[in-house]
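Peer 1: using only what follows, build the 3D model:
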Amino acid sequence: MKIFINLSGVFLIALLFIYGCSKFNDKKLTYINPDLPIIMNFVDSTNDSSCTITAKIDNAGKPKIIYQGVCWDTAPNPIYDSSSHKKDTTTRSPFSISFSGLKPRTLYYARAFAVNSAGVAYGEQVTFMTPAKSSFTFGQYYAGGFVFYIDSTGNHGLVCDTTDLTYYTDSTHLTDSIQWSGKKVSDNSGATATAIGTGASNTHKIITTFNTVNNAATLCVNYTGGGYNDWFLPSKEELNAIYANLTAKGLGNMSPTNYWSSSNYISKGISYAWSQYFSNGNQYYFNQYFYLNVRAVRTF
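Peer 2: Numbering: from 1, shown residues only. The predicted structure follows:
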């Protein structure tokens, strides 16, 4: 009988341990409430005094959302009832919230939140650095194009041309779409960088690899619009900045179609290239011999 009691105690402890573990994330040991919504959020755009956060909420099978919004702070892990926050009263998903009054050249932490009868849920924390106060604004015409990116100094950035590039396929046929590589095969140019500031080096690698006039990169390099001869094909994130800071605001004169970036993408040994669809902002990778539009960019 004594042995039975001891074994029962061990069994009970084991059950409690298993039950307890089922209520916790085994990596972070944080309580997980299955009735809370799931939130995904990201930084849409920012300047020296404002930011826009876009969030998508999955609330299927969970209690109705009472309200939702975004909270931010200069300290990590902002919470909606003690940090600066702004509510979205529509309870739609996805939703975007812009907030202003930020300090220039300051690191901020932000995350979306949603509240229902089970409590409050947060998206993964995102960070952004506001640039220095700048005399430039998005969409301003300067140095041959529209300003779509301003760096942390506030004095430099990127502009895109005012129109898509075109070329003659023969003596009479003018077109605005072109291949990424100019070849009927895919090849790795090594132009795999995606960040802002890498478009020019990507473009050089593409030209070195393919050595042909009939591709998106050479179309940009040979362009002399605005009296400048240092245009290049934007990287994946540079292209996205055009969408976020111009197209999403009704600026930039971009067509609702796919545009090439200069960023090469390798998947399962096959070489593709990144593009962006300017009707909704989604980014895709395509075969390099597809014909897509091109918008040249340059630094200032």
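Peer 1: CA atoms for contacts and neighbours, from now on please.
Peer 2: Noted.
Peer 1: what lies in contact with the helix or strand Ile266 falls within?
Peer 2: Take DSSP states H and E as the rule and Ile266 turns out to sit in strand 258-267. Residues outside strand 258-267 that contact it (CA atoms under 8 Å, 6 or more residues apart in numbering) are 180, 188-194, 199, 202-203, 206, 216-217, 233-236, 239, 271-278, 285, 292-295.
Peer 1: in PyMOL, select just the buried ones from those residues.
Peer 2: Applying 16 or more other CA atoms under 10 Å to the contacts of strand 258-267, the buried members can be selected in PyMOL as follows:
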select buried, resi 180+188+189+191+192+193+194+199+202+203+206+216+217+233+234+235+236+239+271+272+273+274+275+276+277+278+285+292+293+294+295
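Peer 1: among the contacts of strand 258-267, which ones are in helices?
Peer 2: Among the contacts of strand 258-267, the members falling in helices are 199, 202-203, 206, 216-217, 236, 239 (criterion: DSSP state H).
Peer 1: with pLDDT and distance to Tyr80 added, can I get those residues in CSV?
Peer 2: What follows is the ones in helices among the contacts of strand 258-267, written out as CSV (pLDDT from 0 to 100; distance: CA to CA, whole Å):
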residue, pLDDT, distance to Tyr80
Gly199, 98, 38
Asn202, 97, 42
Thr203, 97, 44
Ile206, 94, 47
Ala216, 96, 46
Ala217, 96, 46
Lys236, 98, 33
Leu239, 98, 33
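Peer 1: widest-spaced pair of those residues?
Peer 2: Greatest spacing in the ones in helices among the contacts of strand 258-267, by CA to CA: Ile206 and Leu239 (16.7 Å).
Peer 1: neighbours around Thr169, how many?
Peer 2: Thr169: 11 surrounding residues under other CA atoms under 10 Å.
Peer 1: gap between the closest residue in space to it that isn't next to it in sequence and Leu165?
Peer 2: Of all residues not flanking Thr169 in the chain, Thr175 sits nearest, at 7.1 Å (CA to CA, 6 or more residues apart in numbering). Separation of Thr175 from Leu165 (CA to CA, to the nearest Å) stands at 9 Å.
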